[in-house]
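Engineer: structure, please.
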Amino acid sequence: MKQAEYLADVYDIVHDAGVWIHHCNDSRYCRGKGFTDLVIVGLRGVLWREVKASPNDRPTPEQTALIWLLKAAGEDARVWTVIDLVTGKVADEIAEIA
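Structural biologist: So this is what the prediction gives:
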């Protein structure tokens, strides 16, 4: 699965759940090296998610550091993989904050 296909599926889930999403389409124009791909905001919480569409894709050291920093600050931050999308974990987590 390509990243754009993965994100299109996530956008559909977000739209159906009625929550807000931010995605920087081109990280070369976004400040903050390692910033998560997605920030999803609902009435019951915020999800900070790095998306890895390829099974061989791994977070960069900067992405990993930010995820751990966000977790230390009490935020819900992690990596989503294709498996998370297929199993419904992505939809479930978004529904929890809607």
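
Engineer: please identify which helix or strand holds the residue nearest to the spatial centre of the chain.
Structural biologist: Of all residues in the chain, the one closest to the mean position by C-alpha atoms, centre = their mean is residue 49, 2.4 Å from it. Assigned by DSSP states H and E, residue 49 belongs to strand 45-52.

Engineer: pull the CA atoms of whatever helix or strand comes next after that strand into PDB?
Structural biologist: Beyond strand 45-52 on the C-terminal side, the first helix or strand identified by DSSP H and E is helix 61-72. Listed next in PDB are the C-alpha coordinates belonging to helix 61-72 (Å, rounded to 0.1, in the frame of the first residue of the first chain):
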ATOM      1  CA  PRO A  61      15.400   8.700  15.100                       C
ATOM      2  CA  GLU A  62      13.900  12.100  15.200                       C
ATOM      3  CA  GLN A  63      10.400  10.700  14.900                       C
ATOM      4  CA  THR A  64      11.000   8.100  17.600                       C
ATOM      5  CA  ALA A  65      12.400  10.800  19.900                       C
ATOM      6  CA  LEU A  66       9.300  13.000  19.400                       C
ATOM      7  CA  ILE A  67       6.900  10.100  20.000                       C
ATOM      8  CA  TRP A  68       8.700   9.300  23.300                       C
ATOM      9  CA  LEU A  69       8.700  13.000  24.300                       C
ATOM     10  CA  LEU A  70       4.900  13.300  23.600                       C
ATOM     11  CA  LYS A  71       4.300  10.100  25.600                       C
ATOM     12  CA  ALA A  72       6.300  11.500  28.500                       C
END
